[in-house]
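Asks: Quick one: sequence plus predicted model below, questions after.
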Amino acid sequence: MTPPVVLTVAASDSGGGAGIAADLTTFAALGVHGACVVTAVTAQDTLGVRAVHRVPLDVVEAQLDAVLDDLDPPVVKTGVLGSPEVVALVARRCADRTLVVDPVLVATTGAVLGDEAVVAAYAEHLLPVAAVVTPNEREHAALGRPDGPGVVVTRGGGVATTNDHGTGCTYSSALAAHLALGADLPAATAAAASYVTRQLLVGRDWQLGRGRGPVAHVHTAPTPEGDIA
Ligand SMILES: Nc1ncnc2c1ncn2[C@@H]1O[C@H](COP(=O)(O)OP(=O)(O)OP(=O)(O)O)[C@@H](O)[C@H]1O
Ligand SMILES: Cc1ncc(COP(=O)(O)O)c(N)n1
């Protein structure tokens, strides 16, 4: 059966923990086809963000044109957008689709990934056309505490682990994938939360890098018999 298409508009993470890497692997794990528009390249690892290179606006728009014209994704998920111009562009071009906005402003490791101008652009352009917004507490406060049925404030959870880099991206991607597969919002948020919980458990003892290791976006745990659970 042909899978539904979900587009992520987000930044790359060279460490493979967050952003595009988390989004596409989560989409694959949940059975949707992932397309990607890259807004910025980050030089990043489990310890922090070393550099951010924004993709020029016309190149972001050309990627968007290509995917929207040809693959026609019914669901679009956003992560790091990088500039107010890109925020406004996505709002303009994707308002007629189911938009899942993860307003990433600060990385787990502390780096600022969205400044005040980006925050203002979210409030003015993107939040009014979003079906779902998934800020964490800090992002919710920065955005002026928007309210409504589509505002899902994320709050961590019960799994004790330091391998949690990329959890917000994985959560919002899982939510977008379940919406594309036909779930309603309450079912999609519940499925996304249980997916993240399971994946945090899978990667809890991994030793990748020297900082906040990545959540296991896609892997399943082998059983004692060597099968895949
Ligand atoms: N330790 C945990 N145990 C279980 N579930 C968790 C844990 N951490 C995160 N989650 C799940 O993932 C969701 C997103 O997590 P969190 O709020 O930590 O993301 P974030 O990285 O702060 O988000 P953003 O990408 O918006 O910055 C939570 O709402 C929860 O469902
Ligand atoms: C490219 C990119 N996108 C998103 C995040 C946020 O993820 P996290 O909150 O886990 O650091 C990140 N650090 N880098």
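Replies: Sure thing, it's come through. Ligands and ions are numbered 1, 2, ... in the order given.
Asks: hmm, the longest helix belonging to the chain in reach of ligand 2?
Replies: What stands out as the longest helix in the chain, according to DSSP state H, is helix 185-203. No: on the criterion Cβ under 6 Å from any ligand atom, helix 185-203 is out of touch with ligand 2, staying 11.3 Å away. (C-beta placed from N, C-alpha, C; glycine too.)
Asks: Which neighbouring elements make contact with that helix?
Replies: helix 167-180 (3 or more Cβ pairs under 8 Å, 6 or more residues apart in numbering; DSSP states H and E).
Asks: Let me see the contact set for the most centrally placed residue in the chain.
Replies: For the chain, the residue nearest the mean C-alpha position is residue 169 (3.1 Å; Cα atoms, centre = their mean). Applying Cβ atoms under 8 Å, 6 or more residues apart in numbering to residue 169 gives the contacts 10, 18, 19, 22, 23, 26, 79, 102, 104.
Asks: cutoff 7 Å now
Replies: When contacts are counted by Cβ atoms under 7 Å, 6 or more residues apart in numbering, residue 169 touches 18, 19, 22, 23, 79, 102.
Asks: coming back round to it: buried set for the longest helix of the chain?
Replies: Buried residues in helix 185-203, counted by 16 or more other Cβ atoms under 10 Å: 185, 188, 189, 191, 192, 193, 195, 196, 199, 200, 202, 203.
Asks: From what I see, the fifth one and residue 175 are in contact.
Replies: Put plainly, it is residue 192. Yes: in this structure, residue 192 is within contact of residue 175 by Cβ atoms under 7 Å, at 4.0 Å.
Asks: Sweet, I'm off.
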